[in-house]
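Enquirer: Could you work out the structure for the sequence below:
(2 chains)
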2 protein chains.
Amino acid sequence: MVGIGDDGALLSPPKGDAIVATMDTLVENVHFLPGLDPQDLGYKALAVNLSDLAAMGAQPGWAFLALTLPEVEERWLQCFAEGFFSLAEQFNVDLAGGDTTRGPLAITLQALGFVEEQLALRRSAAKPGDGIYVSGTLGSAGLGLKILQKEVGWSDPEAVERLLRPEPRVLLGMALRGLAHACIDISDGLAADLHHILDASGVGARIDWSHLPLTDSVQRYIAETGDWLMPLSAGDDYELCFTVPSEKEPMLGACLQNAGVAWHRIGTIEQQSGLRLDKGGEVTVLLPAGYQHFS
Amino acid sequence: MVGIGDDGALLSPPKGDAIVATMDTLVENVHFLPGLDPQDLGYKALAVNLSDLAAMGAQPGWAFLALTLPEVEERWLQCFAEGFFSLAEQFNVDLAGGDTTRGPLAITLQALGFVEEQLALRRSAAKPGDGIYVSGTLGSAGLGLKILQKEVGWSDPEAVERLLRPEPRVLLGMALRGLAHACIDISDGLAADLHHILDASGVGARIDWSHLPLTDSVQRYIAETGDWLMPLSAGDDYELCFTVPSEKEPMLGACLQNAGVAWHRIGTIEQQSGLRLDKGGEVTVLLPAGYQHFS
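Expert: The predicted structure follows:
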C-alpha cells in the first residue's frame, strides 16, 4: 500500500470482496460541544464510521481523515491522534490518507472496509416474522448529553462515556453475516433508524416497551421526567439494530457469544406498515422522531 | 452497488485491481474566495480529486461528498450539484455516498479509482536520465487568481477559467501507465510538486526556463511585473508533471495523442540532488517555494 505521501493511497482489498465505504462529518457546535477533549474527538470520529461498517457486516480496513483546524496546536493534534489510534489499533485500521486544512473546526472521516458482496448486511432485507434485536442499551448516550448540558441534576459517568466513546459493534456486525436479514446502526435514535429499515424493506414492526434494554440511570431519568420517548428518539447510541428470521433465532446465542456485547429481542417485523409500540398493552404509533439534521 | 441510503456504499472494483483513494478539502476563505459561484465549486471539488487519481494513472470510479453548509439553500445546492455532475458524468464517476452537515462552508471530497497495482504511477519512480514533462501550461491559474484579486489591471478569461474549472488530466494519466516513471499533479506549484518527486525518488533535476509552456498572458504578466517565479510557484494548475525514461520518449507522440492535452519536455532528472533552473545560461537553485498550507 502506498500511504500518505503520494497523490493517493493504493489499497489492495482481499480478492473478490466488495468494498464498503462510509463517510461522516463532525462539526463543532453541531455534532459536539466546544471544548471537547480532542482525544475523545479523535476516537469518536473513527468510531461513528466503524459503526457504519459494522452495520454492513464489513471488516474495517482503512480510514481517510480530513481535518479542518483554526490553527495548528501540537498538543491538540497529539491528543486527537492518541484518541484516533487507540481505536484504529483495536480494529487494525490503517490511516491511509487525508487532508489537513485551516478553517473552522470540522472533521470528516471516510472509512473503507470489505465483505463478500452476498454477505453484506443491508437495510432493505427485513422480512415479516423476523425478530428485531438491539445490542447494548438504548438512551445511554442521550442521557450522557443531557448530563453534559446540565439538563439533569445528577451524573452517571457510564452514560457520559457512552456519549463520548461509543464502541463500534464491529465484531457483532461481522458475526451477523449470513445470520441477520437487515441491520442498521442506531445513530439518530431507534425510532428513526428502525424506520429506515422498515421503509427500505417495505414492512412494518411492533416493538414492546418492556423489552427495551435500559440502564438503571435511564430508567431513573424517565421516572423523574416522564420523558419515556428519550431512549427511542435520542441519537448517538451507535448500537446495532438487526432483524433475524425465526428459524435462525435459536442460533444467536452460539453465534454471537464472541461479539463482546449483550443483545435483546425487542419486537417483531410485521407485514403492516408503520412502527407500533406496545407499552403495557396500550399500542401507539411511533413516528421517526429521531434527531434530524437541519431541523 | 448499494448507494446513498444504506449505512455505507457497497462497491465492486474490477477483479484484481488495486483501489486508489484520494481526499481533498476546500474551505471558504482558505481555498476559495467567498461568493464563488457554487457551480464552479461543485466542479472544482471533484476536479482536484480526479486530478490526484490521474496522477496515479487510475481510472475514476466513485466519489463521496461531505458538504458542510451554514444553511440549506435549494438554489445553491442545485447549482453545486450541476457543477459537480457536469464533471462526474464526463468521467463516469458515481456519487456513492457522503454526509451533509450544518456549519461553516466546507467541502471534503473523497474519490476512489482503480488501476492494476504494478501499473500505478508513483512519485518515487523517477530515474536519472528521465525526461521531465508537464501537460498544458504553467501559471495560468495563478494569473487567474491575481486577476480575481485585482492584483492585475487587465483580464484574461482563459486564465480565470483555468483557476475555476481546472481539467483533471484523467486520460493523460491513464495513457502514461507503463510509459512514465514518476508522476504528480501540480496543485502547489511546479517547484514544490517537482520537489516531491525528487525527494521521493532520491534524485535531482535541471529544468530549462525557455522550455516552460507559458501562455501569452502569463508572459505579459512576467514582462510587466518581473515576477518570473510565479508560473513555478503558483498553485492550482492541476496539470501533470511526469518523467519518462529516454528509451520511451520517442513513443510519447503516438501514445498520448488521445490524451486531450498538449505536453512539453521541460528538463531532465539528474543524479545530483536539488532542483536547478537554467534561465538563459544562468543556473539558479529552486527551492520548493510553492503554496504552503499553514504558512
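
Enquirer: Tell me who's in contact with A:D193.
Expert: A:I184, A:D185, A:I186, A:S187, A:C241, A:G290 (Cβ atoms under 8 Å, 6 or more residues apart in numbering or on different chains). No exception for glycine: its C-beta is placed from N, CA and C like everyone else's.

Enquirer: mind listing the strands for the stretch 51-200 of chain A?
Expert: Ranges of strands within the stretch 51-200 of chain A are A:59-69, A:94-102, A:106-115, A:131-135, A:183-185, based on DSSP state E, counting those that start in this stretch.

Enquirer: Would you mind writing the CA trace of the second one as PDB?
Expert: Coordinates of the C-alpha atoms in strand A:94-102 are reproduced here as PDB (Å, rounded to 0.1, in the frame of the first residue of the first chain):
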ATOM      1  CA  ASP A  94      -4.700   1.900   8.700                       C
ATOM      2  CA  LEU A  95      -4.800   5.700   8.300                       C
ATOM      3  CA  ALA A  96      -4.200   5.700   4.600                       C
ATOM      4  CA  GLY A  97      -4.500   9.300   3.700                       C
ATOM      5  CA  GLY A  98      -6.400  12.500   4.100                       C
ATOM      6  CA  ASP A  99      -6.000  16.300   4.100                       C
ATOM      7  CA  THR A 100      -5.300  18.900   6.700                       C
ATOM      8  CA  THR A 101      -6.700  22.400   6.100                       C
ATOM      9  CA  ARG A 102      -7.100  25.700   8.000                       C
END
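
Enquirer: quick one on the thing from earlier: the contacts of A:D193 also near chain B: which ones?
Expert: Taking Cβ under 8 Å from any Cβ of the partner chain as the test, chain B is in contact with A:I184, A:D185 out of these.

Enquirer: and which of the contacts of A:D193 is nearest B:Q118?
Expert: The shortest gap between B:Q118 and any of the contacts of A:D193 belongs to A:D185, at 37.5 Å (Cβ to Cβ).

Enquirer: wait, isn't the closest one in contact with A:S51?
Expert: Yes: if you go by Cβ atoms under 8 Å, A:D185 and A:S51 touch, sitting 4.4 Å apart.

Enquirer: Can you work out which residues contact both of the two?
Expert: By Cβ under 8 Å, 6+ apart, the residues touching both A:D185 and A:S51 are A:R169, A:Y238.

Enquirer: quick revisit: make TSV from the strands of the stretch 51-200 of chain A and add mean pLDDT to it.
Expert: TSV is the format used below for the strands of the stretch 51-200 of chain A (pLDDT from 0 to 100):
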stretch	mean pLDDT
strand A:59-69	93
strand A:94-102	88
strand A:106-115	93
strand A:131-135	98
strand A:183-185	97
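
Enquirer: would you list these in CSV and tack on distance to B:W228 and mean neighbour count?
Expert: Output for these, formatted as CSV (distance: least, Cβ to Cβ, whole Å; neighbours: other Cβ atoms under 10 Å in any protein chain shown):
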stretch, distance to B:W228, mean neighbour count
strand A:59-69, 34, 24
strand A:94-102, 29, 20
strand A:106-115, 38, 28
strand A:131-135, 64, 24
strand A:183-185, 56, 29
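
Enquirer: Please report how far the nearest residue to A:T284 once chain neighbours are set aside lies from A:D208.
Expert: Among residues not flanking A:T284 along the chain, A:L277 sits closest, at 5.3 Å (Cβ to Cβ, 6 or more residues apart in numbering or on different chains). According to Cβ to Cβ, to the nearest Å, A:L277 stands 8 Å off from A:D208.

Enquirer: Show me which of these two is the more surrounded one.
Expert: A:L277 (21 against 16; other Cβ atoms under 10 Å in any protein chain shown).

Enquirer: surely the more buried one meets A:A205?
Expert: No: contact criterion Cβ under 8 Å: A:L277 and A:A205 do not qualify, at 9.5 Å.

Enquirer: State the three-state secondary structure for the residue most central in space within chain A.
Expert: Most central in chain A under Cα atoms, centre = their mean is A:Y238, positioned 2.5 Å from the mean C-alpha point. Judged by DSSP: H, G, I helix; E, B strand; the rest coil, the three-state class of A:Y238 is coil.

Enquirer: confidence score at it?
Expert: Looking at A:Y238, its pLDDT is 96.

Enquirer: A:E117 now?
Expert: For A:E117, the predicted pLDDT is 89.

Enquirer: So which elements touch the host helix or strand of A:L41?
Expert: Assigned by DSSP states H and E, A:L41 falls within helix A:38-55. If you count contacts as 3 or more Cβ pairs under 8 Å, 6 or more residues apart in numbering or on different chains; DSSP states H and E, helix A:38-55 packs onto strand A:18-27, strand A:59-69, helix A:74-90, strand A:106-115, helix A:157-164, helix A:170-175, strand A:183-185.

Enquirer: just so I know, which of the ones you listed lies nearest B:D130?
Expert: strand A:59-69 (30.6 Å).

Enquirer: Would you give the sheet partners of the closest one, along with the direction of each?
Expert: Strands flanking strand A:59-69 in the sheet, each with its direction: strand A:94-102 (parallel), strand A:106-115 (antiparallel) (DSSP bridges).

Enquirer: show me the contacts for A:D6.
Expert: B:M56, B:R122, B:R123, B:S124, B:A200.
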